[in-house]
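Q: any chance you could fold what I've pasted below:
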Amino acid sequence: MALKEGDAAPEFNLSANNGQKVQLKDFKGKKRVVLYFYPKDDTPGCTVEACGFRDKISAIEAKDAIVLGVSPDGATSHNKFIEKFKLPFLLLSDEDKKTCKDYGVWVKKRLYGREYMGVERTTFVIGKEGKIEKIYSKVKPDGHNDEILAFLSH
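A: Coordinates of the predicted model:
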């Protein structure tokens, strides 16, 4: 069953690149969470998206929000990606894809006629009370940071 705006966001408990465990409930009542799912560290679209969030992080944080990236990559890969592009937010590892599945972003994809399972680039804005305020599906990385900032500003 697909998640919709207004639904309670599924809880997660994932390891961040810094070794910390991060849970959605950590932010309840404190901050809005911009939870963005992306396919793979240091690939072209994912880099554009991550650097876009990096470039707007002060403005996003000024709206009482935190950015968290999620992909199936492990901490070593996440740390290289963060160092290379100076990313100022946590990247979470969903190596068993449980959180990707809970959020409905682990889907059948097609490339050059070949089908495979992968992450559909999707962003969820989760309110302070844990409800999904906005879902961006099949995100186009370029300019997505501006879309998010506009939403947080309304």
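
Q: and V70, what does it touch?
A: The neighbourhood of V70, defined by Cβ atoms under 8 Å, 6 or more residues apart in numbering, consists of 14, 35-38, 91-92, 94, 99-100. In short, each C-beta sits where N, CA and C put it, glycine included.

Q: go through these and flag which are in strands.
A: 14, 35-37, 91-92 (DSSP state E).

Q: next helix or strand past the lowest-mean-pLDDT helix or strand in the chain?
A: Taking mean pLDDT, DSSP states H and E as the measure, strand 106-111 is the helix or strand of the chain with the lowest mean score, a mean of 92. The helix or strand immediately downstream of strand 106-111 is strand 114-119, counting by DSSP states H and E.

Q: roughly how far is that following strand from the heart of the chain?
A: 19 Å (Cα atoms, centre = their mean, to the nearest Å).

Q: CA atoms of stretch 5-15 as PDB?
A: Provided in PDB are the C-alpha atoms of stretch 5-15 (Å, rounded to 0.1, in the frame of the first residue of the first chain):
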ATOM      1  CA  GLU A   5       0.300  12.800   2.400                       C
ATOM      2  CA  GLY A   6      -1.300  13.000   5.800                       C
ATOM      3  CA  ASP A   7      -0.200   9.400   6.700                       C
ATOM      4  CA  ALA A   8       2.000   8.700   9.700                       C
ATOM      5  CA  ALA A   9       5.600   8.300   8.400                       C
ATOM      6  CA  PRO A  10       7.000   4.800   9.000                       C
ATOM      7  CA  GLU A  11       9.500   4.700  11.900                       C
ATOM      8  CA  PHE A  12      13.000   3.800  11.000                       C
ATOM      9  CA  ASN A  13      16.200   3.000  12.900                       C
ATOM     10  CA  LEU A  14      19.200   3.300  10.600                       C
ATOM     11  CA  SER A  15      22.900   3.700  10.900                       C
END
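
Q: got the buried residues for it?
A: 9-10, 12, 14-15 (16 or more other Cβ atoms under 10 Å).

Q: burial of the residue lying closest to L14 once chain neighbours are set aside, as a residue count?
A: Nearest residue to L14 in three dimensions, chain neighbours excluded: L92, at 4.0 Å (Cβ to Cβ, 6 or more residues apart in numbering). Neighbour count for L92, taken as other Cβ atoms under 10 Å: 23.
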